[in-house]
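Trainee: Sharing a model that was predicted from the sequence below.
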Amino acid sequence: MRKIFHFDSPTGLYVADAAVLCCFDHRISLVVRKFLKRQGIERADMIVVAGGAKTLASPRNDFEQDFILEQVRMSIRLHGTKRILVTSHSDCATYGGLAHFKGDRDAEAEHHRGELLRARDLLTENFLNVVVEPYFVKFDGVWQVNQGERLQQTQRDEESDTAGGRKLA
Ligand SMILES: [Zn+2]
């Protein structure tokens, strides 16, 4: 092997602040990072896969759901994870994008609410002593999913982060 890049990474063992399941869509990677920081999550075991919570709620095959559950199991076992964030996002291509909902953002959000609650229930059934938090990531922020209620934005506008003049959080 030949060294081609130098960078000092932390070498200590760690307890994960959370395991985070989210889509690999690059458009939401920054808001997810900002949101985790706002939540006080510095050490996250990131499980980044196409569709995020969809892999648990409505997997494309038998393999997918088991694989993700195993990843969560490993995070709990290896890094003592007690908190699991499950996310999905608006205009996700694995759902056919916003176009699949004919551009109706409310219909899309309502569909994702169901998906996220199903993913949460699956994790709660499989793992004891963990807190599972479902979130829907939109292009204007992150929304917390509550049972039986519409989505609630997690932060007020005045608390939002900005970067490059663009509102992100
Ligand atoms: Zn996606």
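Mentor: Cool, got the structure. Numbers count the residues shown, from 1 in each chain.

Trainee: remind me which residues of this structure are low pLDDT?
Mentor: For the chain, residues meeting the criterion pLDDT under 70 lie at 148-169.

Trainee: swap the cut-off to 90 and go again
Mentor: The chain contains residues with pLDDT under 90 at 62, 146-169.

Trainee: How about the secondary structure of residue 135?
Mentor: Recorded secondary structure, residue 135: strand (DSSP: H, G, I helix; E, B strand; the rest coil).

Trainee: What count of nearby residues applies to the nearest residue to it once chain neighbours are set aside?
Mentor: Closest residue in space to residue 135, ignoring its immediate chain neighbours: residue 87 at 4.7 Å, by CB to CB, 6 or more residues apart in numbering. Placement of C-beta: from N, CA and C, glycine included. The tally of other residues near residue 87 (other CB atoms under 10 Å) stands at 24.

Trainee: Tell me the secondary structure of residue 87, please.
Mentor: Taking three-state DSSP as the rule, one finds residue 87 in the strand state.

Trainee: doesn't residue 24 make contact with it?
Mentor: No. Proximity of residue 87 to residue 24 does not meet the contact threshold set by CB atoms under 8 Å, at 11.7 Å.

Trainee: Other residues contacting the longest helix along the chain?
Mentor: As far as residue count goes, and with DSSP state H defining each element, the longest helix of the chain is helix 105-126. Counting by CB atoms under 8 Å, 6 or more residues apart in numbering, helix 105-126 makes contact with 21, 53-54, 56-58, 65, 69, 72-73, 84, 86-88, 90, 95, 98, 100-101, 130, 132-136, 138, 143, 145, 147, 150-151, all of which sit outside it.

Trainee: Ok, stretch 90-104 next?
Mentor: Residues outside stretch 90-104 that contact it (CB under 8 Å, 6+ apart): 23, 25, 27, 50-52, 54, 88, 105, 107-109, 111-112, 136-139.

Trainee: Could you tell me which residues of the protein lie near the ion?
Mentor: When proximity is defined by CB under 5 Å from the ion, the chain lies next to the ion at 23, 25, 92.

Trainee: Okay, strands next: where are they in this protein?
Mentor: Taking DSSP state E as the criterion, the chain contains strands spanning 18-22, 44-48, 83-89, 131-138, 141-144, 152-153, 162-163, 166-167.

Trainee: could you flag which of the contacts of helix 105-126 are buried?
Mentor: By neighbour count, with 16 or more other CB atoms under 10 Å, the contacts of helix 105-126 hold 21, 53-54, 56-58, 65, 69, 72, 84, 86-88, 90, 95, 98, 100-101, 130, 132-136, 138, 143, 145, 151 as buried.

Trainee: about what we covered before: orientation of the longest helix of the chain relative to strand 83-89 in degrees?
Mentor: Orientation check (axes from the mean of the first three to the mean of the last three CA atoms, to 10 degrees): helix 105-126 against strand 83-89 gives 150 degrees.
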